[in-house]
Structures are given as C-alpha cells and as structure tokens.
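Enquirer: Structure, please.
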Amino acid sequence: MAKVLVADKISGGGVDILTNAGLDVDVKTGLSENEIVEIAPEYDGIVVRSATKITKRVIDAASKLALVGRAGVGVDNIDLDAATARGVVVMNTPLGNITSAAEHALALMMSMARHVPAADASMKAGKWNKKAFTGTELSGKTLGVVGLGKIGAIVTRVAQAAGMRVVTFDPYLSPRRAKELDVETVDLDALLGQADLVTIHVPLNDTTRGLIGEAEFAKMKPTARLVNCARGGVVDEDALVKALQGGEIAGAAVDVYASEPLAAQSPLRNAPNIVLTPHLGASTAEAQEKVSEDLARQFVEYFTTGRIKNPVNLAVTMQPHLVPFAELAEKLGSFASQMVRSGITGVEVSCYGEVGRSAEDAHVIAVSALQGVLGRLVDENVNLVNVSVVAESRGIELNERRSESARTYRNTVVVKVSGDGREHSITGALFEGRTARIVQIDDFDIDVRPAPWMLFMAYPDRPGMVGRFGTLLGEANINIAGMSVGRREKSGLAVVVLTVDDPVPGDVLERIRSTVDAEEVLPIQL
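Expert: Numbers count the residues shown, from 1 in each chain. This next block holds a predicted model:
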C-alpha cells in the first residue's frame, strides 16, 4: 500500500478518493521544511498546492518517494531538477482551474478598464465622484494575449465576443490553431506596440522569467494596461512600478507575485493605477474541488496501474499507440546491454516503417530503449523521468535514426549498443500490431518472444548440439519454453535463443559452454 502525504489543504472529496482506493493517507498541512524532511522517508507520494515547497532537501530525504503532485498548474514550488535526477514523477492538474483562472483575468481586465476597485473604495468613503472614474470601453480595442494555451483561449473567446481584436504571441501556437481561434500571430514587440490591453498566460521557466521588463514597457502605448494572472516572476515587478509611476502605461492588474505572500512594504502596494488581488485565479469553490479530485484520481491511477497522467518532467510523452513499441524497445535495449555487458558508451535506435514516420514517435521509442539499457547498468531507479539525465552522467550517447521504408516487417525497431570494442544489435517487430518478437540478433535471423528468462548461445553449427544443451538443462530441471535457431551458412556459426522457465545457474552455463564449445553463453533477464 502506497503512503501519501497531503501537505497542503485539498478538498475532502480529493482525500476521500485517495483513501477509498486503499492508499494510506496522512493529512499534515502547514509543516516547515525541516518538519517535512523529518517525516519524508515514510512516503511514496506527496500532494501539495502552492504553499508547501518540495525542495531538494525534501526530495533527498524522501528515499521512497515516487510521485509529487501539484493540485493546480504551476510547479515552481517543486524542485524539478532534483525530482528529475531522482526519477520522481511530478504531476500537475492543468485543466481543473482553467475556467476560474481565465474568468479572473477577465474580471481584472474589465474592472481595471472601468476603475471598479477605486470607485468602490471612494463610495465607501462617502464620496460621489463620477468624473474621477471615467473608464474606457473594451469593444473595438486590441487585446494582446501572451501565451495562447487553454486559459488564453478562453480569454480570447470572451474578448472577441466583447468586440475586441486579438493578437497573440506564442512560439508554440500552430497556424491551424491560430486560424481556429481567429487570432493574428505576431512577435512580442509587435504585440506590445499594438495592444490596448496585454494579458499574460505563460508558465514560469527560464524562458519566461522577466519576460516583461523595462524594455518591454517602453514599447507599450501610454494608454495600455497590463494583466498578469499567470505566474509571479514573468513580469519584472520593479520595472512595472517604474512604468506606472512614469506614465509609460495607464494601468495594471496583478494576481501573482515573485514572492508570495506579497510583502507588506512591497512598492506594488503603493503604485498608481494598479489593482492587486492575492493570487485568486484558482480560488473558486468549483476549481478547488476539481483540482483536488483530479489530482487524487491521478495518484490512484499511478499507484494502482502505473499510469502517468499530466506529468511535467517526463523525458517524453507516451501516446497510447506507442506503448507496445516502447515496451518492445525497452526489452531490446535490456537484451543488447546484457550482450555488451560493460563499458557502454553508445546506443543507437532505428525505427523503420510506419513507426518511423514521426520524429516525435521515434524519439519516444529511442528513449524507451535507452531506459532498457540503463536499467541493467545502474543501481538507481531509471525511468522516463531521469533516463536522459542518467545517460548523460555516464557519458552514454543516444543516436536516433528513422525511415518510413519498411524492412522485412511493417514496423521494426533496431537497438544497437556499443562499448569496450563490442557492438551488438537486436531487432524487434510487433506482429499484428501487438505481439512482440525478437527477429534478429546481429545479422542472425531468429524468431522468439521476449520472456523474463532467456538464454543466448553462439556455437559451431554441428549436428547434435541442440540435444546436448537440452539434456544439460533437463538434468538441471530447467524447462525450455521456446527456442529459435539462426545461422548464416551451413556448418558455420549458429546462434540459439531459448526461453526458459527459470534462471540458469552458473555451473550449468559452464557445462553447456564446454560441452558445445560455445563462443557465447549468456543468461538474459528481461
């Protein structure tokens, strides 16, 4: 039974989903880093929102940790590098609060355009000052959307319904999607120069940190306004204060901050023409329930079936149609690595046929093969989270090749492993799209199903050899479940791959080696 720490408050429905699935759940919120470090070794999974920080210290201390989940979108409170190096999966819930986040951005946009917060404060102070709060219409204005993902798309649709023209800056937006949303794609400088309102909807990472600073504010219209409901740190807060004070822009509305909670003495609190809210983007009853329950279901799936949903640190994203090819590639990589055995420096993975059409698909298969290779070489847990990091740390280079041209079979995967002057390749295929077969070892044609216990032999092709090693295995009470023999020429070198029901002891291997004068006798475990 997996043990899960809920370190931040989530809905009761989320906790119920975890416990009803049989997970051992502790709800302990408001803990300091030291307190979490002390109890971290007990847990297989940790659930957080935005308050608790999962630092490298926490990850290093959590010896059993396999999964960290963020009930929400942003994961900047989780040390992704440390998690990735340890092979800890990090998940989020990107869909649960998108509607709430988009609606909050729209609310700030409209209230800022009509001076709603300032007018409200004035009325409550006993005043009636209509002239001071003359606003501006959104209809006919240009909205600049920085980051056109799911939240940005909702904002776009509402803005267009309000009569706004929308331009967007998003390097990852496809022309087809831009056409579907009826938006103009421009670079960031063009967006800043055209927009009457700029709204930001990007994650915080090395590319987006400080994306809007002094230089960017200088390119905006003096009548323009900025909304940031994305992540603190995307906008340079000092530059924003300076732009507001100097009249470079007309106003701003901010819901997220570089450091939260916002310090009482932050210059943002006294900047002119600014609306501030305390990170309310996901703070609706509906969103809190959705993200909590979504994450709880993801934890249950992971700990009961191994399925990874909404990961943020996988080396690749596994689409369902690739799963059988990835599983085959992992077995091929494991088999080849056991033939080379040590000093591995290079792995080459080639995909042929339909599976070689897409570079993205071929990359998934290549990384899966690399996982199979490393799984036999290192003591640490190797998975699709940390496989690339582990390979780089050991100086193992991955090369990828692909071709739409089919070979003997419609779809084949070839894994070649090299090191210490040795090189071996294993070729696999999927029969009827599902049944995995090993169809070639080096240049010997064979046909065998991968199995947990296998035996590979290379020996002189002479009559009676199969009977000899069959007898020795029988005497050791080891049953042969399957066999495939390959050879290039008569009376030359032959190879055989056996699938056996149990591992073959070392003394039996030696008797086989001497009896059939074998060049290679290798036990293979998959």
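
Enquirer: ok now stretch 275-290, how far from the chain's centre?
Expert: Distance of stretch 275-290 from its chain centroid, counting by Cα atoms, centre = their mean, to the nearest Å, is 25 Å.

Enquirer: got it, and stretch 156-176?
Expert: For stretch 156-176, the distance to the chain centre is 26 Å (Cα atoms, centre = their mean).

Enquirer: same check, this time on stretch 72-80
Expert: With Cα atoms, centre = their mean, you get 12 Å for stretch 72-80.

Enquirer: Please list all residues in contact with M339.
Expert: 417, 422, 424, 426, 456, 520, 522, 524 (Cβ atoms under 8 Å, 6 or more residues apart in numbering). C-beta here means a position set from N, CA and C on the backbone, and glycine is covered the same way.

Enquirer: Quick one: name whatever helix or strand follows the strand or helix carrying E510.
Expert: Element membership of E510 [criterion: DSSP states H and E] is helix 506-516. Later in the chain than helix 506-516, the nearest helix or strand by DSSP H and E is strand 520-525.

Enquirer: Quickly run through the sheet partners of that next one, with directions.
Expert: Here strand 520-525 has these sheet partners by DSSP bridges: strand 453-460 (antiparallel).

Enquirer: mind listing what's buried in the strand it pairs with?
Expert: 453-459 (16 or more other Cβ atoms under 10 Å).

Enquirer: Now do the same for the residue nearest to A62 when sequence neighbours are not counted: its pLDDT.
Expert: The shortest distance from A62 to any non-neighbouring residue, by Cβ to Cβ, 6 or more residues apart in numbering, is to A40 (3.8 Å). Reported pLDDT at A40 in the predicted model: 96.

Enquirer: and the buried residues of strand 453-460 as TSV, adding distance to V516?
Expert: Listed next are the buried residues of strand 453-460 as TSV, based on distance: Cβ to Cβ, whole Å:
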residue	distance to V516
W453	19
M454	17
L455	12
F456	13
M457	7
A458	10
Y459	5
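
Enquirer: what about stretch 211-229, start to end distance?
Expert: End-to-end span of stretch 211-229 (Cα to Cα, to the nearest Å): 14 Å.

Enquirer: ugh, wrong one, stretch 271-279
Expert: 18 Å.

Enquirer: what's the offset of that stretch from the middle of its chain?
Expert: That offset, for stretch 271-279, works out to 34 Å (Cα atoms, centre = their mean).

Enquirer: Could you pull out the buried residues of that stretch?
Expert: For stretch 271-279, by 16+ other Cβ under 10 Å, it's 271, 273-277, 279.

Enquirer: Which neighbouring elements make contact with the top helix by length along the chain?
Expert: The helix spanning the most residues in the chain, taking DSSP state H as the definition, is helix 285-305. When contacts are defined as 3 or more Cβ pairs under 8 Å, 6 or more residues apart in numbering; DSSP states H and E, helix 285-305 packs onto helix 12-20, strand 45-48, strand 67-70, strand 89-92, helix 98-113.

Enquirer: Identify whichever of the ones you listed lies nearest to A391.
Expert: Closest approach to A391 among the helices and strands packed on helix 285-305 (Cβ to Cβ): strand 89-92, 18.1 Å.
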